[in-house]
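> This is a predicted model, with the sequence first.
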Amino acid sequence: MLVAAAVCPAPPLLVPEIAAGAAAELGDARTACSDALAVLAASRPDLLVVVGAADQDHRGPYPQGSRGTFRGHGVQLDVQLGDGDEGPRLLPTSLAVGAWLLRRARWGAAPVEGLGVGEPLDAEQCLRAGRDLAARDARVALLVMGEGSACRTLKAPGYLDERAAGFDAAAAHALGSADTAALAALDADLAHELQAAGRAPWQVLAGAAEDAGLDGRLLYEDAPYGVGYFVAAWS
């Protein structure tokens, strides 16, 4: 059963070593992520699963001990999901950022696994995956990594799209109120057009939390670099 969840953005720039001189720009986001992870630890889960967006080559489950790296971003920094032997595949960026957040929080409350999901999963498949995760143990927590639209400004990765602000507002409200029905109703086609990587992970969360009766709090909402970033805690 799902007992808690944290929702965080997953840009590599969240890692100060990568952001370098711009590290302070996401200081509030990092603080909010730390607060959300504290909610996870306080829930005393038996299992934590990090769920994040992944491309075709990186989708699927990742066992405890799976490793990720930020060397492709110019820093000598490696991370790992919990303790244990190295997994067979490198973590996708979203799960690597999640692993970095957990290391920063000195996570030791429960075993940690990962799940990479992506656009081929429609809403119902995401919901089903979430239900399966919630049934994994008596007390399951999720760390859900993903962003909103990437089309909020002219300089955004996806350029300016007038639909982006409305999409992000709906997502922020759903995440802040733990509204699983609203998350499940997010339009996958629109999310794809707006380059909203968080859609699938959020809908996995919606499936996991369907019958959990959790309350939500939105801890951070902004669009630095023209991308919608949200941090929320459910408990």
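Okay, I see it.

> pretty sure residue 161 is touching residue 192, no?
No: counting by Cβ atoms under 8 Å, residue 161 sits too far from residue 192 to count as a contact (11.9 Å). Heads up, the C-betas are built off the backbone N, CA and C, glycines and all.

> what about the two, which has more around it?
Neighbours of residue 161 and residue 192, each counted by other Cβ atoms under 10 Å, are more numerous for residue 161; the result is 19 against 12.

> ok, the more buried one - contacts?
By Cβ atoms under 8 Å, 6 or more residues apart in numbering, residue 161 lies in contact with 149, 151, 193-194.

> now with 6 Å?
Shown in contact with residue 161 (Cβ atoms under 6 Å, 6 or more residues apart in numbering): 151, 194.

> and the gap between it and residue 193?
7 Å (Cβ to Cβ, to the nearest Å).

> I'd like the next helix or strand past the least confident helix or strand in the chain by mean pLDDT.
The helix or strand with the lowest mean pLDDT-type score in the chain, counting by mean pLDDT, DSSP states H and E, is helix 16-19 (a mean of 90). For helix 16-19, the following helix or strand on the C-terminal side (DSSP states H and E) is helix 27-42.

> Residues in a beta bridge with the most centrally placed residue in the chain, which ones?
Nearest to the mean C-alpha position of the chain, by Cα atoms, centre = their mean, lies residue 145 at 1.0 Å. Beta bridges link residue 145 to residue 8, residue 52, judged by DSSP bridges.

> Tell me the buried residues in stretch 150-159?
The neighbour-count check on stretch 150-159 (16 or more other Cβ atoms under 10 Å) flags 150-153, 156, 158 as buried.

> measure it end to end?
8 Å (Cα to Cα, to the nearest Å).

> what does that stretch contact?
Residues outside stretch 150-159 that contact it (Cβ under 6 Å, 6+ apart): 160-161, 164, 194-195, 223, 226-227.

> now with 7 Å?
Stretch 150-159 is contacted from outside by 160-161, 164-165, 194-195, 223, 225-228, using Cβ atoms under 7 Å, 6 or more residues apart in numbering.

> Out of those, which end up buried?
161, 164-165, 194-195, 223, 225-228.

> Point out the least confident one among the residues you listed.
The lowest pLDDT within the buried ones among the contacts of stretch 150-159 belongs to residue 225, with 93.

> mind checking how far it is from residue 185?
Taking Cβ to Cβ, one finds residue 225 at 27 Å from residue 185.
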